[in-house]
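Engineer: This is the structure alone, sequence omitted:
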């Protein structure tokens, strides 16, 4: 029974940034993390965690290997390894919500909504739809992204040229905040290699 999720980056509007994914229920949360990264276009360069909407509740689901000696900060059973828990262990009913946070510094929170539990058989994940361009890595989270958009829209902005240079934009080239290619997202999700080594900057 595959799960159909809508995953939307919180605090980003005009345009919103979201992806609709179909994921096998026996995928681990680690695999789910990799699929989300591929669908949005993130670079899998930072720490991540899944947790309930209410941040006072447990569990926190993440990759324990990323925390090194930091595991002492967690209470017993507060942190669950993402490679050891499956989606079906957490998601039980349509409409259920969870939060995925990528880059604990920039704090990109993604609202996960389980839209539908389907009856079809599925071995691999897929992207069904989406909207909006993925923000650039390390731009400062939702607040920094809004500042980036303001600066790029105004040639007289004090940081206009600096941001264009940082993004590698050529003359007459613009950053398209609305860009989304379903074909590209599907190819990225379908070509995920879970055996690839992780590349985390632990920040």
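Structural biologist: Done, it's in. Keep in mind that this is a model prediction, so the values were computed, not measured. Residues are numbered from 1 along each chain as shown.

Engineer: Chain neighbours aside, what residue packs nearest to residue 100?
Structural biologist: Distances taken as C-beta to C-beta, 6 or more residues apart in numbering place residue 110 nearest to residue 100, at 4.3 Å, with adjacent residues excluded. Placement of C-beta: from N, CA and C, glycine included.

Engineer: what packs against whichever helix or strand that neighbour is part of?
Structural biologist: Assigned by DSSP states H and E, residue 110 belongs to strand 108-117. Applying 3 or more C-beta pairs under 8 Å, 6 or more residues apart in numbering; DSSP states H and E, we find strand 108-117 packed against strand 3-9, strand 97-102.

Engineer: residues in contact with the helix or strand that it is followed by?
Structural biologist: Using DSSP H and E, the helix or strand that follows strand 108-117 in sequence is strand 126-131. Residues from elsewhere that reach strand 126-131, judged by C-beta atoms under 8 Å, 6 or more residues apart in numbering: 4, 15-22, 39, 178, 180, 182, 185-186, 188-190.

Engineer: what comes into contact with the strand holding residue 110?
Structural biologist: 1-11, 20, 25, 36, 50, 91, 93-102, 135, 141-142.

Engineer: Residue 32 reaches residue 85, doesn't it?
Structural biologist: No. Using C-beta atoms under 8 Å, residue 32 makes no contact with residue 85, being 10.0 Å away.

Engineer: quick one: which of the two has more around it?
Structural biologist: residue 32 (28 against 17; other C-beta atoms under 10 Å).

Engineer: which residues does the closest residue to residue 84 other than its chain neighbours bridge with?
Structural biologist: If you skip the residues right next to it in sequence, residue 84 has residue 28 as its closest partner in space, 7.2 Å away by C-beta to C-beta, 6+ apart. Assessed by DSSP bridges, residue 28 has beta-bridge partners residue 86.

Engineer: what's the spacing between whichever helix or strand residue 163 is part of and its chain's center?
Structural biologist: Assigned by DSSP H and E, residue 163 belongs to helix 160-167. How far helix 160-167 lies from its chain's middle: 24 Å, per C-alpha atoms, centre = their mean, to the nearest Å.

Engineer: Hmm, residue 40 and residue 137 touching each other?
Structural biologist: No. The pair formed by residue 137 and residue 40 falls short of the contact definition of C-beta under 8 Å, at 11.0 Å.

Engineer: What is the burial count for the residue nearest to residue 84?
Structural biologist: By other C-beta under 10 Å, the residues close to residue 28 number 18.

Engineer: May I have the residues that are in contact with it?
Structural biologist: With C-beta under 8 Å, 6+ apart, residue 28 has these contacts: 82-87.
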